[in-house]
Structures are given as structure tokens and as C-alpha cells.
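Enquirer: Take a look and give me a structure for this.
(one chain, ligands or ions: 1)
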Amino acid sequence: MAQHSQDPVRYFEYIVVGCGGIGSGTVYWLSKRVGKAVLGLERFTLGHERGGSQDHARIIRVDYHDDDYTPLVRDSYTTIQDVERESGLKLIHITGRLMMVNKDDPRSEIVAAYEDAMTKANLNYEIINSTEIQRRFPQFCFGIQCCWSIHKGQWFGGCCDDQRCTYTTSTT
Ligand SMILES: Cc1cc2nc3c(=O)[nH]c(=O)nc-3n(C[C@H](O)[C@H](O)[C@H](O)COP(=O)(O)OP(=O)(O)OC[C@H]3O[C@@H](n4cnc5c(N)ncnc54)[C@H](O)[C@@H]3O)c2cc1C
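Expert: Predicted coordinates:
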């Protein structure tokens with residue numbers, strides 16, 4: 001736990017500068033290991049609106065173009081649930097995930113890297129075409145002819161209340 005100003009402790013084994021998403025998570029998990037030997041320093045109020053971790057709706061997803069991310073994110077679902085249990089606060093909302101890419105866009109080549117990473121991570125994904133997207137998800141009417149998507153069910157994605165996460169991991 002981050003030390004508060006009235007705490008008599010003056011010396012710390014670890015000092016984390018900046019308590020955004022990354023820093024507050026570091027403070028939280030470090031303090032689990034070493035207790036009060038951790039100090040988190042933040043220039044603004046906790047949960048402030050001037051950093052990257054400022055919103056209430058950040059996407060969390062296991063699909064990435066890089067093999068390293070997927071196992072990392074999968075583990076983070078478990079760890080954030082530990083924080084939810086401890087704090088009693090709802091921090092992430094799990095949903096399915098639908099990624100849509102215009103096949104004519106040169107950047108769509110990155111989808112091959114996504115597929116590769118997801119296959120290596122043994123994720124059960126599905127590639128569907130634009131006709132199938134509109135059949136299953138009629139709310140999407142984007143008019144792009146050649147579009148493909150990767151569709152996954154529960155646990156593939158969700159929404160994270162980043163500001164609340166940051167505040168919670170800095171103070172719990
Ligand atoms: C508009 C937007 C949308 C995004 N959407 C997503 C998304 O959907 N999904 C996703 O995964 N990522 C998303 N990101 C990226 C993600 O939000 C950031 O990568 C992440 O929040 C960065 O966290 P951080 O802890 O590295 O930085 P920050 O949250 O910026 O934290 C840095 C902290 O350090 C503090 N600080 C800086 N200097 C000092 C100092 N000298 N002394 C003390 N404190 C200091 C700052 O005040 C700040 O609190 C988005 C980013 C933005 C901006």
C-alpha cells in the first residue's frame with residue numbers, strides 16, 4: 001500500500017514515481033511482497049485526469065499482433081479479479097469482441113500477425129466475412145464490401161474502468 005503523509009515511515013525499499021495504470025499496479029503488487037517498504041509518488045491527485053489512465057472506458061483484449069502480449073493480458077484478467085475481490089469494486093466488464101478490418105486497407109496485413117499470435121496462444125477465434133458480420137450483428141451497417149473480422153466470445157475482450165483501477169491499486 002502507498003504510504004500516506006501521516007505515516008511515520010521515512011525510509012522505503014522501493015519508490016515508484018508516477019501512479020498511473022503502470023505505477024499504481026507496481027505499487028500494489030510490490031506492497032503485497034514487501035509491505036510498507038513501498039512508496040508511490042504521484043504529482044496530481046490519485047485518479048486524476050491528466051495521464052493516459054484517465055478514462056472510464058479502456059478496452060482490454062487478449063488479441064494482439066505479438067506473441068508476448070496475449071499470455072500477459074490473459075494473466076491480467078486473473079490479477080484484476082483479485083483486486084476486485086479485495087476492494088469490492090467492479091473494475092472490468094467482460095464482453096465478447098469483434099474486430100473489423102477493411103481488407104483493402106494496407107494495414108490489414110497486421111491481421112495475419114494477430115492470427116499467428118492467437119493460434120500460438122491456442123485461442124479459439126473465428127474469421128467471418130462482412131455478410132456474416134451483418135447477419136450476426138445487424139447493428140453494424142458500414143457499407144464496406146471487403147471486410148473481414150475476427151470474432152470471439154466471452155473472455156476475449158472487455159471494458160476497463162481505468163481511472164477507478166488506478167485509484168484502487170494505489171490505495172487498496
Ligand atoms: C485517449 C486514449 C485512449 C486509450 N485507449 C486505450 C484502450 O482502449 N486500451 C488500452 O489498453 N490502452 C489504451 N490507451 C493507452 C493506455 O491508456 C495507456 O498506455 C496507459 O494508461 C498508460 O499508463 P501509464 O501508467 O504508463 O501512464 P499514465 O497513466 O500517464 O501515468 C503516468 C503518471 O505519472 C505521473 N507523473 C509523471 N511525472 C511525474 C513526476 N515527476 N512525479 C510524480 N508523478 C509523475 C503522472 O501524473 C501520471 O499519473 C489509451 C490512451 C489514450 C490517451
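
Enquirer: Give me the residues contacting the helix or strand T166 falls within.
Expert: Using DSSP states H and E, T166 falls within helix 162-171. Residues outside helix 162-171 that contact it (CB atoms under 8 Å, 6 or more residues apart in numbering) are 1-2, 19-21, 24-25, 27-28, 40, 42, 46-47, 49, 53-58, 80, 83, 87, 89, 91-92. For glycine as for every other residue, the C-beta is placed from the backbone atoms N, C-alpha and C.

Enquirer: which among those end up buried?
Expert: 1-2, 19-21, 24-25, 27-28, 40, 42, 46-47, 53, 58, 80, 83, 87, 91-92 (16 or more other CB atoms under 10 Å).

Enquirer: Of these, which belong to helices?
Expert: 21, 24-25, 27-28, 80, 83, 87 (DSSP state H).

Enquirer: Tell me the one of the residues you listed nearest the ligand?
Expert: G21 (3.9 Å; CB to the nearest ligand atom).

Enquirer: Contacts only, for that closest one.
Expert: So G21 contacts 52-53, 162, 165-166 (CB under 8 Å, 6+ apart).
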